[in-house]
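**Q** fold the following, please.
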Amino acid sequence: MAFTKLTAGNLLNHFFGKTVYTPVTLYLGLSTTTGGDNISEISSGIGYDRIATSEADWAAADITGNATVRNISTFNFTQATGNWGTIREAVLFDSPTIGTGNALARADASSDKIISTDDIVIILPDKLSFILF
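**A** As a prediction, the model looks like this:
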């Protein structure tokens with residue numbers, strides 16, 4: 001869906017020469033909320049971990065419509081060992097550790113999905129996109 005206020009501020013400061021933006025490793029996580037300032041990430045200890053991504057996992061920005069970046073790699077989360085709840089969005093973080101770091105961008109799920117014990121979340125190529133505007 002969209003970049004967070006933190007990311008937007010960092011990009012604007014970089015664009016206008018106020019700061020230098022240094023790219024970080026992006027970690028893909030899942031949330032049971034959507035939109036707003038609050039993110040309810042899945043708890044640790046039930047088979048959930050963030051996934052480290054690299055520049056090779058993402059296509060170059062498409063600016064033919066909205067400025068959009070899509071995944072070109074498959075993202076496989078580990079098998080759930082407990083109930084993860086209803087997944088409503090994917091979130092990019094700047095930290096690998098659940099409950100730490102900053103949310104940088106959010107993307108709504110195409111539909112809500114309940115994840116129960118033994119389920120595996122897989123995000124196929126071209127199924128996750130982040131829009132700048």
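**Q** where is the longest strand in this protein?
**A** For the chain, the longest strand by residue count, based on DSSP state E, is strand 103-115.
**Q** which of the residues in that one are buried?
**A** A103, L104, A105, R106, A107, A109, I115 (16 or more other CB atoms under 10 Å). Placement of C-beta: from N, CA and C, glycine included.
**Q** which pair of those spans the longest distance?
**A** L104 and I115 (22.7 Å; CB to CB).
**Q** need the contact list for the residue of the chain most remote from its centre.
**A** Residue farthest from the centre of the chain, counting by CA atoms, centre = their mean, is G17 at 26.8 Å. Shown in contact with G17 (CB atoms under 8 Å, 6 or more residues apart in numbering): no residues.
**Q** is it in a helix, a strand, or coil?
**A** coil (DSSP: H, G, I helix; E, B strand; the rest coil).
**Q** distance of it relative to P23?
**A** Look at G17 and P23: by CB to CB, to the nearest Å, they are 18 Å apart.
**Q** and the lowest-mean-pLDDT helix or strand in the chain, what does it pack onto?
**A** When the helices and strands of the chain are scored by mean pLDDT, DSSP states H and E, strand 2-3 comes last with a mean of 82. Counting contacts by 3 or more CB pairs under 8 Å, 6 or more residues apart in numbering; DSSP states H and E, strand 2-3 packs against strand 103-115, strand 129-131.
**Q** would you map the strands across the chain?
**A** 2-3, 26-31, 51-53, 68-70, 75-76, 85-93, 103-115, 122-123, 129-131.
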